[in-house]
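K.L.:
Let me see the structure of the following:
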Amino acid sequence: MTISNDSRDRVKRIFEPIALGMGRLGLTPDALTLIGFAITVVGAILIAGQQWLVGGIVVFLGGAFDMFDGTLARATGKVSKLGAFTDSVFDRAGEVVVYIGLVAGLQELGVLNGTVLAAAAMGSAVLVSYTRSKSEGLGFTAGTGMAAVGVMPREVRLVVLSLGLMLAGILGTLREDTSCVGCAGGGAILPGVWVLFLALAIITIGSI
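P.N.:
Model (predicted):
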């Protein structure tokens with residue numbers, strides 16, 4: 001699942017009025033980057049506590065700030081290499097923190113397969129980002145040759161994971177079965193865990 005530059009531009013135009021509004025409040029692009037990272041960390045903590053629905057919503061909101069900071073920087077002429085570097089680092093750090101929260105949450109439930117799959121998704125997501133960055137540093141043009149790695153960019157991974165978490169939370173409220181020893185809320189979480197399995201499998205394969 002790839003995202004064209006035209007699609008990215010259309011989405012950025014939608015977020016531009018919101019980003020400019022935040023700029024009028026005195027927020028800088030770097031401030032939005034830090035706010036987005038902080039929100040993502042809160043989401044990861046919620047996920048670690050098996051609060052799938054709320055955690056998924058919070059992570060999605062944190063990811064939205066990735067659009068706000070870059071859009072505000074371009075609209076106000078504050079684009080800089082340092083800002084782009086900071087944004088990229090915090091984006092990747094936020095993604096890793098979310099996966100760590102997911103690993104912790106599934107580990108707490110005793111779901112070994114889910115823990116392994118979450119770790120694999122994290123590893124593949126980090127690897128594809130590194131591979132693309134390294135290949136571009138060696139002179140390959142972005143999106144071509146060795147730089148054309150991974151069909152699931154960070155934005156798509158974030159959406160898939162957030163939707164998987166939210167759906168897991170919703171499904172987890174539809175069933176009550178106390179026969180599942182070691183599962184939070186009994187067997188209620190099982191349908192949600194399977195949704196997370198699917199989302200993580202898609203992310204892992206799509207990042208290769």
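K.L.:
What residues does the closest residue to Q51 other than its chain neighbours make contact with?
P.N.:
Distance criterion CB to CB, 6 or more residues apart in numbering; nearest residue to Q51, sequence neighbours excluded, is G169 at 7.4 Å. The way it works is simple: take the backbone N, C-alpha and C, and place the C-beta from them, glycine included. By CB atoms under 8 Å, 6 or more residues apart in numbering, the residues touching G169 are 51-56, 192.
K.L.:
mind listing what D91 touches?
P.N.:
Taking CB under 8 Å, 6+ apart, we find D91 in contact with 66, 154.
K.L.:
in what helix or strand does it lie?
P.N.:
Using DSSP states H and E, the element containing D91 is helix 81-109.
K.L.:
What of G123?
P.N.:
Residue-wise, G123 maps onto helix 112-137 under DSSP H and E.
K.L.:
Go through that helix and flag the buried ones.
P.N.:
114-115, 117-122, 124-125, 128-129, 132, 135-136 (16 or more other CB atoms under 10 Å).
K.L.:
Tell me which residue lies nearest the centroid of the protein.
P.N.:
Note on the chain: the residue nearest the mean C-alpha position is L158, at 3.1 Å, using CA atoms, centre = their mean.
K.L.:
Name the nearest residue to it, ignoring sequence neighbours.
P.N.:
Among residues not flanking L158 along the chain, G63 sits closest, at 4.4 Å (CB to CB, 6+ apart).
K.L.:
isn't the one you found right up against T40?
P.N.:
Yes: contact criterion CB atoms under 8 Å: G63 and T40 qualify, at 7.1 Å.
K.L.:
So for the two, which residues contact both of them?
P.N.:
By CB under 8 Å, 6+ apart, the residues touching both G63 and T40 are G94.
K.L.:
Beyond the helix holding G123, next helix or strand please.
P.N.:
Immediately after helix 112-137, counting by DSSP H and E, sits helix 154-172.
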